[in-house]
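# next input, structure requested:
(2 chains)
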Amino acid sequence: MKTPLPIFSVLFLLGAACETVVDIDIPFDKQMLVINSLPNPDSVWNVQVTLSRHVLDNTTHLMLPPMGVVKIVDQETEQVVDQLTQVANEPKMYRGTTKPSLGKTYRVQVDIPGYDRAEAIGYVPIVTPIESVETEQAHSDGSTYTRIKITFTDPPGESFYSVSLASSYFYIINMKDTVWNEYPIYIERDDAGLEEQGISGPEVLIDDTFFDGKKHTISVRLNGGWGGQTPLGPNSRLVFSSLGASFYKYKVTTNLQNAARDNPFAQPVQVFSNVKNGVGIFDGLSSYSWTPPN
Amino acid sequence: MRYVFIYVTLLLSTPLLGQKSTISGYLKDADTGESLIGATVLHARSSSGTSANTHGFYSITLPKDSVTLLYSYVGYEPQLVRFLLRKDTVINIQLKGATVLDEVVVSATKADAIHEINRMSSISVPIDQIKALPAFLGETDVLKVLQLMPGVQSGGEGGTGLYVRGGGPDQNLLLLDGVPVYNASHLFGFFSVFNADALNHVELIKGGFPARYGGRLSSVIDIHMKDGSMKEWKGEGSVGIIASKVSVEGPIQKDRTSLLFSARRTYIDLLARPIIKLATEGQTAGYYFYDLNFKLNHIINDKNRLYLSSYTGDDKAYAKTKDFFINGNERTDYREEFGLRWGNIITAARWSHVFSPQLFANFTSTFSRYRFDIFSQYDEVRTSPTSPDEKNFYKERYVSGIRDWAMKADFDYLPNPDHYIRFGANSIVHRFAPGVYAVRSSEEADSTAGAAVTNAQEFAAYVEDDWKVNSVLKVNAGVHTSAFLVENKWYTSVQPRISSRLLLGREFSLKASYSTMTQFIHLLTNAGLGLPTDLWVPSTAKVKPQQSWQAAIGLAKTFKDTYEVSLEGYYKKMTNLIEYKDGASYFDIEKDWQDKVALNGQGWSYGTELLLQKKIGNVTGWIGYTLSWTDRQFETLNFGNRFPYKYDNRHDINVAFTHTWNERMDFSAAWVFTSGNAVTLPTAVYSGTSQLPFNHWYTPEISYYEARNAYRMKNYHRLDLSFSWWKNKKWGQRKWTLGVYNAYNRLNPFFMDIGYDRNHNKHFIQYSLFPIIPSFTYSFKF
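Numbering: from 1, shown residues only, chains lettered A, B, ... in the order given. Here you go, the predicted structure:
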């Protein structure tokens, strides 16, 4: 029985062919400034300034640049509306004293020694209130789920939204202090025929291409009848956020990159950034919260 | 329009004008009766000539006079025929094969020399040469030999993918006896479905497309099966380390009806089954592929012939388990099976009819089916002494594929030696099933999900003329028109084609071509891995047909009838390309494929190709070099910026040669070098921002990609060697072939990822597939 010998030889050689560490000419350039800020009318200005790491960097901790100057400028008037100061116990953060205004466009300017000025323009969208929320039990593929129908009136012009659902819980510290916290409930789009933007996950992302300037109802799906017969219980909170266009793109591409990260069949995804001379995101959101009536 | 009318009238009336008659017939191999496709017929006095079509038919109209015709074909001894032409005459010629291609044999093939023919960007590779070159694991592969031609990239290690002049793998019209083959891969792309023992002729066209071809943007690979010997029963076969094959052909009725049958199967699964069973405690797993070719060829009379050809092949990878368990007083016997299966069925029925010595016609009816199927099945039987038997099952299938039914009529009209007119029409009914998921179970109602089946109709008509304008200028001009009906939407296309040859001196010519192409079907492919999971999808109301135009210019020179050199430059523009969106995955069956693709992409491809060929002597072969660029641009990919195509390989060098030592031994070698494929790699990572408006529970780490396909894998190069020796026996001939794939054990890149080295430092890790692999094959002919 001589035949298998060459086959085993081939299998052995195939097994021996495997991994090689290779040097790819990826430039070891200066780290990029990373600017992250999501201005919203409920909080004072907060801008996170960090540095990127080389892709082959073994470390995992955040890298911080030298202390710099962070200003917020009104894009229309070119007036500085706030100059932020570095937070003492959280040096990656720069905090202001004022809050953004709805419907306005701002520019963040970050001057760090040794770097060109990084800047980005963001818009704080006006709040779009939820007009009504209805729930119903629905069936699909032999399973039951809760459909949540959210009605709102879309303002004229390009608009972007996210819908998310949270449930709150509490825990007690030292047998006396009660701490409330929230965790996300996974929901997904339930409108037949409409394309999912990004991937389903803790939130649903929507653009107004098909209902610009009109009253509209979107449906989201809560799988598994969470919460029993009354899925939107007293501890839950539905958050309907209007997003700036850049933040919307950032969210879609970030979600896609995460989903594709370990998938060898998916093309790598580039995450959107609107920061000039850096990366990250500076764009606004304004949220409307809805809690079920008791 | 008036001039067109006058031109057509003159053409049609040419035979009536004077004292001319037509000589027609078939050119065949003397030993087997096989058609000699492209064999030439030269009229000695006028130096005008013609060539045999894909059925070996030729026709030449000459003045009534004493005529001397030279019939020739590469690798065959030429035949000179002298006679007095008084009336239309049928002369069927049978040429004898030459053992070694000497200069006498080849000088007769001058009419088919590269500087003479007006078509450019096309290459015919003799089957014997394909068989003589080194083969991966001993399996001769037509497509792998075509990858050694300039302008053609393989796409990666070991694969049979063809990326022609920057085009995608779906842009190749792969024809087997005139029928499109949708998936030409076995074993995840490492072998092609074409069994060289069953083939007669292979031609690759990369540009300057004749009008008779249509439906794809980048290339035509026209493969013809053997007709089967009309003279005697004979066969050949081989036993290799992964597969064996056998091919038998012969006359059912001598010189009247012939039959060809060939079969191939791998046997890795049979040999590995005991080992897998031992290793997995009873599980059965394996992989195999097979293919079968069949052809029946019947000569009714001199004017009518019938052909019936068929190909079927399948790949199957599977894992099975069968076992039982007992819980209390209940015994459960269960059986599980999971697998992948994919394959083609192709059939063609053809009637060839000679209407007149000048008009030859083919009427063909074809069927082509490609199917990919992932399946899993669970069956159980519960038995208990206290209750009746209970049977349960759960079956899942994910099926995709395409079926074509087609009818076509093709005519060859040769009014005089200066014109070779082809015209015809065809109609195809397509049925696309781009990903249907179905579940059946004993406990739940049947359900299906995924894309719906789509039907479409495609129509085409063409006319072309191979026109010898004068002694130095030849032109092939034509037009291909096509239409596509899908979802009540019509797409139409008019595609002009022209190519020309201008003799600049003795054995030296300038060539130029321009062609436009339209493609109504698309292939959705995942990152170019060449998996059978790639989906064929139609143009729809939302997804427009792909289109391209290509212009090329080149020089062709023959040196001493021995060497042929061609130098070509080309520019190709493609529009309405599609590609998976960033992050989209084949396995997301919830979405319709149309929602997963980026639309309206554009592509550019340009470059230069040099080919030096030696076709005669003890050493034959070629050296090819390609310098090329190819880019893509989609509004929704790479932030709208133009980016390099994955197979934007700047330099591509191929050297292939065969040296015949003597009548019993030959040696061949092939060396390839290709610049690295483009790859998308992150250059940095950074902290993202919270994604939710409440409770900043998660901040993602974002990988920063400067641009799509901005980096390059390492260059690919490989040397393959093959040494064969054979001996004539009483029963026929036997041959041993010893081959070495990747002779200097180059670890070529297959894909890359970030990983850790032995010191736990982050690095890019390159994964390779094949180191040096020796192989041997035992072949025989009887």
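# C-alpha from now on. contacts and neighbour counts both.
Noted.
# tell me how many other residues surround residue 153.
The chain I'm using is chain A. 16 (other CA atoms under 10 Å in any protein chain shown).
# nope, chain B
25.
# which strand runs longest in chain A?
If you go by DSSP state E, chain A has its longest strand at strand A:160-173.
# average pLDDT for the next helix or strand after that strand?
Sequence order places strand A:177-185 as the next helix or strand after strand A:160-173, per DSSP states H and E. Mean pLDDT, strand A:177-185: 76.
# how about stretch A:44-63?
For stretch A:44-63, mean pLDDT rounds to 90.
# can you list contacts of it?
Defining contact as CA atoms under 8 Å, 6 or more residues apart in numbering or on different chains, one finds that stretch A:44-63 is touched by A:28, A:31-39, A:64-65, A:84, A:92-100, B:682-687, B:703, B:761-764.
# buried sites along that stretch?
A:44-56, A:63 (16 or more other CA atoms under 10 Å in any protein chain shown).
# farthest pair within the residues you listed?
Taking CA to CA, the two most distant members of the buried residues of stretch A:44-63 are A:44 and A:56; they sit 35.9 Å apart.
# so residue B:248 sits against residue B:227, correct?
No. Counting by CA atoms under 8 Å, residue B:227 is not a contact partner of residue B:248; they are 11.5 Å apart.
# and the longest strand of chain A, which strands flank it?
strand A:177-185 (antiparallel), strand A:203-207 (antiparallel), strand A:236-243 (antiparallel) (DSSP bridges).
# just give the nearest non-adjacent residue to residue B:398, would you?
residue B:437 (4.4 Å; CA to CA, 6 or more residues apart in numbering or on different chains).
# gap between the two ends of stretch B:541-548?
One end of stretch B:541-548 to the other measures 20 Å (CA to CA, to the nearest Å).
# now do stretch B:33-52
End-to-end for stretch B:33-52, by CA to CA: 14 Å.
# rounded mean pLDDT for that stretch, please.
The model assigns stretch B:33-52 a mean pLDDT of 82.
# what residues does it touch?
B:26-29, B:53-56, B:58-60, B:67-74, B:94, B:109, B:111-112, B:200-201, B:226-231, B:255, B:417-418.
# so which of those also contact chain A?
When CA under 8 Å from any CA of the partner chain is applied, no member of these is adjacent to chain A.
# low pLDDT regions in the stretch 501-650 of chain B?
Low-confidence segments of the stretch 501-650 of chain B (pLDDT under 70): B:526-533, B:583-592.
# tabulate the buried residues of stretch A:44-63 in a markdown table, adding columns for secondary structure and distance to residue B:352.
Shown next, in a markdown table, are the buried residues of stretch A:44-63 (DSSP: H, G, I helix; E, B strand; the rest coil; distance: CA to CA, whole Å):
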| residue | secondary structure | distance to residue B:352 |
| --- | --- | --- |
| A:44 | coil | 84 |
| A:45 | coil | 82 |
| A:46 | strand | 80 |
| A:47 | strand | 78 |
| A:48 | strand | 77 |
| A:49 | strand | 77 |
| A:50 | strand | 75 |
| A:51 | strand | 73 |
| A:52 | coil | 70 |
| A:53 | strand | 69 |
| A:54 | strand | 67 |
| A:55 | coil | 64 |
| A:56 | coil | 65 |
| A:63 | strand | 76 |
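# reformat those as TSV; add distance to residue B:376.
Formatted as TSV, these follow (distance: CA to CA, whole Å):
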residue	distance to residue B:376
A:44	56
A:45	55
A:46	53
A:47	52
A:48	50
A:49	51
A:50	49
A:51	48
A:52	45
A:53	44
A:54	43
A:55	40
A:56	40
A:63	49
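# any idea how far stretch B:132-147 is from the chain center?
Distance, stretch centre to chain centre, for stretch B:132-147: 13 Å (CA atoms, centre = their mean, to the nearest Å).
# quick check: end-to-end length of that stretch?
15 Å.
# quick one: low-confidence ranges for the stretch 351-500 of chain B?
B:444-452.
# quick one: the strands in it?
B:359-384, B:387-416, B:419-441, B:447-450, B:454-468, B:473-486, B:489-505 (DSSP state E, counting those that start in this stretch).
# show me where chain A has helices.
A:4-16, A:245-260 (DSSP state H).
# hey, least reliable of the ones you listed by pLDDT?
helix A:4-16 (a mean of 43).
# what's downstream of the helix or strand containing residue B:755, the next helix or strand?
Using DSSP H and E, residue B:755 sits in strand B:751-756. Using DSSP H and E, the helix or strand that follows strand B:751-756 towards the C-terminus is strand B:762-767.
# show me which residues of the helix or strand following that following strand are buried.
Later in the chain than strand B:762-767, the nearest helix or strand by DSSP H and E is strand B:773-781. For strand B:773-781, a neighbour-count test (16+ other CA under 10 Å) marks B:773, B:774, B:775, B:776, B:777, B:778, B:779, B:780, B:781 as buried.
# if we can go back for a sec, between residue B:248 and residue B:227, what contacts are shared?
Going by CA under 8 Å, 6+ apart, residues that sit against residue B:248 and also against residue B:227 are residue B:260.
# pick out whichever of those two has more residues nearby.
Counted by other CA under 10 Å, residue B:248 and residue B:227 do not tie: residue B:227 has more neighbours, with 28 against 21.
# mind checking what secondary structure that one has?
Put simply, residue B:227 is coil when judged by DSSP: H, G, I helix; E, B strand; the rest coil.
# model confidence at residue 170, what's the number?
If you meant another chain, say so; for now it's chain A. For residue A:170, pLDDT reads 73.
# you answered for a different chain; I wanted chain B.
87.
# quick one: it from residue B:182, how far?
From residue B:170 to residue B:182 the distance is 8 Å (CA to CA).
# same question for residue A:274.
Distance from residue A:274 to residue B:182, by CA to CA: 43 Å.
# what sits against residue B:599?
B:543, B:576, B:577, B:578, B:579, B:634.
# remind me which helix or strand it belongs to.
Going by DSSP H and E, residue B:599 is part of strand B:597-614.
# strand partners (parallel or antiparallel) of the helix or strand following that strand?
For strand B:597-614, the following helix or strand on the C-terminal side (DSSP H and E) is strand B:619-633. Paired strands of strand B:619-633, with direction, are strand B:597-614 (antiparallel), strand B:643-644 (antiparallel), strand B:651-662 (antiparallel) (DSSP bridges).
# how far is strand B:619-633 from where the chain is centred?
That offset, for strand B:619-633, works out to 18 Å (CA atoms, centre = their mean).
# over to stretch A:108-115?
Distance of stretch A:108-115 from the chain centroid (CA atoms, centre = their mean) equals 24 Å.
# what of stretch B:150-168?
Here stretch B:150-168 is found 11 Å from its chain centre; the criterion is CA atoms, centre = their mean.
# is it positioned near chain A?
No. Residues of stretch B:150-168 contacting chain A under CA under 8 Å from any CA: none, with a closest distance of 12.3 Å.
# contact partners for the spatially closest residue to residue B:22 that is not a sequence neighbour?
Spatially, and ignoring its direct neighbours in sequence, residue B:22 is nearest to residue B:61 (4.1 Å; CA to CA, 6+ apart). Contacts for residue B:61 (CA under 8 Å, 6+ apart) come out as B:15, B:20, B:21, B:22, B:23, B:358, B:414, B:415, B:416, B:417.
# which strand residues bridge residue 237?
All of this is about chain A. With DSSP bridges as the criterion, residue A:237 is bridged to residue A:166.
# that answer is for a different chain, and I need it for chain B
In beta-bridge terms (that is, DSSP bridges), residue B:237 pairs with residue B:246, residue B:780.
# burial count for it?
For residue B:237, using other CA under 10 Å, the count is 20.
# my read is that it contacts residue B:243, right?
No. Counting by CA under 8 Å, residue B:237 sits too far from residue B:243 to count as a contact (10.7 Å).
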